[in-house]
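> The following comprises the amino acid sequence and a computationally predicted model.
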Amino acid sequence: MNKFAWRRYWPVGLTLVLGLAVSAGLGQRLHRQAVELDRQRLQRIAESVRDRLQTKLQTTDLIQRHAQDYFGSQATITEGMFREWCKKYGWSVTAPWIHGMALYTNSSAGNWHEHLPTDPAVWTESDFKTFWRLANYNPIHLKKAFGYSHDSAKRWPAHYATELTFDNPSFSGLLGVVLANTPQITDREIVIERDGAEPFYDATVAVPVYEVNRDELRDRIVGSPPKVNSYIYNWNLCRGVLLAPIDFVKLESLIWGDATREVGVEIYASPAPREDSWLNEAGPHRRALDSVFKPYLAAKIPWVFYNAKWSLFVYTLPAFEAGSPRYMAYVTFAAGAGLTLLASALLGVALRARHRQELMTEQISEARDALAVAQQERQKLSHDLHDNTIQTLYAIQLGLNHTARKIDADPAKSRNELSAVRGELDSVIAEVRRFITAEESSGEAVDIQRVLRALAARAQSGASATVDVHCDPDATNRLSTAHAVQLANIAREALSNSLRHANPQRVELALRAEAQEIRFEVSDDGIGFNSQSPTPGVGLTSIAARAREIGGTLDIQSSPGHGTRIMVRIPVSPAEFDSANHANKERGKS
């Protein structure tokens with residue numbers, strides 16, 4: 001495509017660029033809005049996941065609280081009693097994410113009874129101080145007493161079988177369950193083992209079990225006036241701790257139910273994801289720590305659980321992306337781009353059609369101009385043939401007709417006349433040919449008077465009418481060659497028309513000079529015609545055209561029975577007269 005085509009089709013390029021730019025801008029804007037909406041949706045889903053996990057673990061808390069109340073109300077706890085309660089309560093159905101349950105007893109429980117009266121109501125201030133001192137210096141020795149799991153293949157890990165000793169009640173962590181009487185959870189550790197399989201790395205929820213008469217003693221030992229703090233009371237009355245290891249892989253899978261999973265979740269027992277704190281370890285790769293893993297969206301949200309600061313890593317799955325409105329941005333851009341291409345194509349077709357129409361119009365104009373030129377040439381040729389060839393042939397016809405009438409009466413004289421007519425015809429034809437082919441640039445002077453007299457003599461030789469010629473010398477000198485040529489053609493046409501159609505007795509050709517113009521008249525006393533006829537003949541049309549070519553005006557006066565007078569006026573100023581006269585003289589000298 002050349003540069004002119006580019007110029008012609010620039011609206012197509014502009015439409016294409018602007019359309020694609022608008023489509024891309026709108027698509028990008030919708031994409032940003034869609035991504036922001038997806039981030040908000042992911043945040044809501046992540047918070048919902050955290051709430052569901054929290055709800056499941058609250059069920060675990062209720063189960064342990066029920067065990068706490070049951071075993072705390074028993075004077076003695078046996079293994080059979082413990083196993084019977086675990087089977088009867090059925091937490092394997094209500095909370096299948098619990099691996100099992102174990103009771104760790106405190107071997108130091110009840111030591112304060114050996115140093116103080118059983119009824120705190122009779123304690124002295126010194127007794128309260130002793131109770132305080134026993135809590136600070138009397139350690140808690142926890143040792144596994146009983147353990148139960150619905151899955152017989154699971155067993156408690158070796159480190160659970162060891163004795164746990166805590167010397168200071170201000171110790172945080174697992175002892176918080178004893179001091180504050182609130183559930184606590186451990187860090188990530190091995191909680192359950194299975195023969196021939198990898199151990200379960202999870203976390204364990206713990207609740208304390210206190211003495212039977214705990215509620216009766218509480219109001220007497222704790223309260224106003226200040227006696228002892230609650231954590232000292234809980235420390236001395238602790239009988240043991242109930243432990244419930246949680247299967248976080250099972251727990252996380254149960255929060256979805258039958259719903260389609262839109263996100264993946266990783267649970268970490270630390271404020272931020274770490275290699276050693278991943279709980280729901282369902283595969284070898286920790287996506288939160290994998291630099292190669294690039295999901296569409298991901299979020300890290302905190303989870304404060306039983307006073308432990310954990311975290312969740314939530315990332316999108318294909319189901320989430322399938323519901324993302326960002327695809328509408330792609331559809332919008334594609335639709336906009338498609339409409340832009342369609343509009344550009346239609347505009348290109350319209351411009352091409354317009355260009356073809358312009359070419360066709362230009363070709364039609366050129367053809368029309370060529371036709372007009374051809375028509376003009378045809379008219380000129382028609383005029384020339386009519387004024388020259390036909391008139392000459394008509395003169396020959398008249399002469400031959402005149403001679404033919406004398407052949408029978410006097411053949412010898414007719415031959416002489418025929419020879420004379422032929423010689424005269426040759427001279428007239430030669431003279432007229434020289435006149436017709438003469439041009440202003442040829443350098444030859446045109447004797448209009450001689451030409452007119454030759455035309456009159458030849459026309460009169462074959463007709464009965466008398467043809468007179470009157471030429472003003474001033475008029476002859478003031479005519480240019482172009483004027484003289486056209487006047488001769490007008491004279492030939494007018495004389496031919498008069499002799500052929502008017503049946504005159506006398507025809508006069510007159511060339512006169514006026515102050516500002518030249519007048520040429522052809523008059524006859526023939527039958528005349530209606531000069532107001534709307535359809536003039538070819539002869540009169542030719543005379544009018546030749547008069548216009550030299551800047552003259554034509555005046556035709558005729559009526560039936562009163563002859564015809566044709567007058568041509570040619571405006572000529574004195575300066576033009578001097579110039580034409582000088583040129584004629586110079587051509588005559590040469």
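It's in.
> Leaving out chain neighbours, which residue sits closest to residue 119?
Closest residue to residue 119 apart from its sequence neighbours, by CB to CB, 6 or more residues apart in numbering: residue 220 at 7.8 Å. (C-beta placed from N, C-alpha, C; glycine too.)
> Would you agree that neighbour is in contact with residue 120?
Yes: if you go by CB atoms under 8 Å, residue 220 and residue 120 touch, sitting 3.9 Å apart.
> Comparing the two, which residue is more hemmed in?
When residue 220 and residue 120 are compared for neighbours, residue 120 comes out ahead with 20 against 14, by other CB atoms under 10 Å.
> The more buried one: what's it in contact with?
Listed by CB atoms under 8 Å, 6 or more residues apart in numbering, the contact set of residue 120 reads 127, 217, 220-221.
> rerun at 6 Å
With contacts taken as CB atoms under 6 Å, 6 or more residues apart in numbering, residue 120 has the following neighbours: 217, 220-221.
> ditto for residue 559
Applying CB under 6 Å, 6+ apart, the residues contacting residue 559 are residue 528.
> OK, contacts around residue 452?
Taking CB under 6 Å, 6+ apart as the definition of contact, the neighbours of residue 452 are 469, 491, 509.
> Can you verify the first one is assigned to a strand?
Yes: Residue 469 forms part of a strand when assessed by DSSP: H, G, I helix; E, B strand; the rest coil.
> where in the stretch 351-500 of the chain is pLDDT low?
Under the criterion pLDDT under 70, the flagged ranges of the stretch 351-500 of the chain are 370-371, 373-374, 376-406, 408-410, 412-446, 461-462.
> residue ranges for the helices of the stretch 351-500 of the chain, please.
According to DSSP state H, counting those that start in this stretch, the stretch 351-500 of the chain carries its helices in the segments 391-407, 411-436, 448-461, 473-478, 481-497.
> Tell me if residue 544 really is in a helix.
Yes: assigned with three-state DSSP, residue 544 falls within a helix.
> ok, it - contacts?
With contacts defined as CB under 6 Å, 6+ apart, the neighbours of residue 544 are residue 554.
> Now do it against residue 563, distance only.
Taking CB to CB, to the nearest Å as the measure, residue 544 falls 20 Å from residue 563.
> Any idea how many residues pack against residue 98?
Residue 98 sits with 24 neighbouring residues when counted by other CB under 10 Å.
> Would you mind extracting the C-alpha trace of the strand or helix carrying residue 216 into CSV?
Secondary-structure element containing residue 216, defined by DSSP states H and E: helix 214-221. These are the backbone C-alpha positions of helix 214-221, laid out as CSV (Å, rounded to 0.1, in the frame of the first residue of the first chain):
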residue,chain,number,x,y,z
ARG,A,214,-13.0,-27.8,94.3
ASP,A,215,-16.2,-25.7,94.1
GLU,A,216,-16.8,-25.9,97.8
LEU,A,217,-13.3,-24.8,98.7
ARG,A,218,-13.0,-22.0,96.1
ASP,A,219,-15.1,-19.4,98.0
ARG,A,220,-13.2,-20.0,101.2
ILE,A,221,-9.7,-19.9,99.7
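> Not counting its own residues, what contacts it?
So helix 214-221 is in contact with 120-121, 227-228, 233, 237, going by CB under 6 Å, 6+ apart.
> Check which residues of that helix are buried.
By neighbour count on 16 or more other CB atoms under 10 Å, the buried set for helix 214-221 is 214, 217-218, 221.
> Check the contacts of helix 214-221 and tell me the two furthest apart.
Across the contacts of helix 214-221, the two members that end up farthest from each other (CB to CB) are 121 and 237, 16.4 Å apart.
> more crowded one of the two?
Taking residue 121 and residue 237 together and counting by other CB under 10 Å, residue 237 has the greater number of neighbours (25 against 9).
> which residues touch that one?
The contact partners of residue 237, by CB under 6 Å, 6+ apart, come to 210-211, 214.
> List just the nearest of the residues you listed to residue 157.
Of all those, the one sitting nearest residue 157 is residue 210; the distance, using CB to CB, is 26.6 Å.
> Give the bridge partners for that closest one, please.
Each beta-bridge partner of residue 210 is listed here, defined by DSSP bridges: residue 238.
> What distance do you get for it to residue 137?
Computed with CB to CB, the distance linking residue 210 and residue 137 is 20 Å.
> How about residue 74?
Going from residue 74 to residue 137 by CB to CB gives 29 Å.
> Then residue 239?
Summarising the geometry, the distance separating residue 239 from residue 137, computed by CB to CB, is 19 Å.
> Counting neighbours, go ahead and name the busier of these two.
Each of residue 239 and residue 137 has its neighbours counted (other CB under 10 Å); residue 239 has more, 19 against 9.
> list the contacts for the more buried one?
Residues near residue 239 by CB under 6 Å, 6+ apart: 106, 109, 209-211.
> just these now: which is nearest residue 149?
Within the contacts of residue 239, the smallest distance to residue 149 is 19.3 Å, found for residue 209 (CB to CB).
> buried stuff in stretch 297-314?
Within stretch 297-314, judged by 16+ other CB under 10 Å, the buried ones are 297-300, 303, 305-306, 308, 310-314.
> Please apply the same query to stretch 259-274.
When burial is assessed from 16+ other CB under 10 Å, stretch 259-274 yields the following buried residues: 262-270, 273.
> Then stretch 195-213?
For stretch 195-213, the neighbour count (16+ other CB under 10 Å) marks 200-211 as buried.
> Doesn't residue 112 lie inside a strand?
No: judged by three-state DSSP, residue 112 forms no part of a strand; its state is helix.
> residue contacts, it?
Under the criterion of CB under 6 Å, 6+ apart, the neighbours of residue 112 are 134, 236.
> Recalculate using a threshold of 10 Å.
Contact partners of residue 112, counting by CB atoms under 10 Å, 6 or more residues apart in numbering, are 118, 127, 130-131, 133-135, 138, 211, 221, 235-237.
> Relative to residue 51, how far out is it?
Spatial separation of residue 112 from residue 51 under the definition CB to CB is 42 Å.
> hmm, back to that, with distance to residue 93 and pLDDT added, can I get the buried residues of helix 214-221 in JSON lines?
Compiled in JSON lines, the buried residues of helix 214-221 are given as follows (distance: CB to CB, whole Å; pLDDT from 0 to 100):
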{"residue": "214", "distance to residue 93": "30", "pLDDT": "79"}
{"residue": "217", "distance to residue 93": "36", "pLDDT": "81"}
{"residue": "218", "distance to residue 93": "35", "pLDDT": "77"}
{"residue": "221", "distance to residue 93": "40", "pLDDT": "79"}
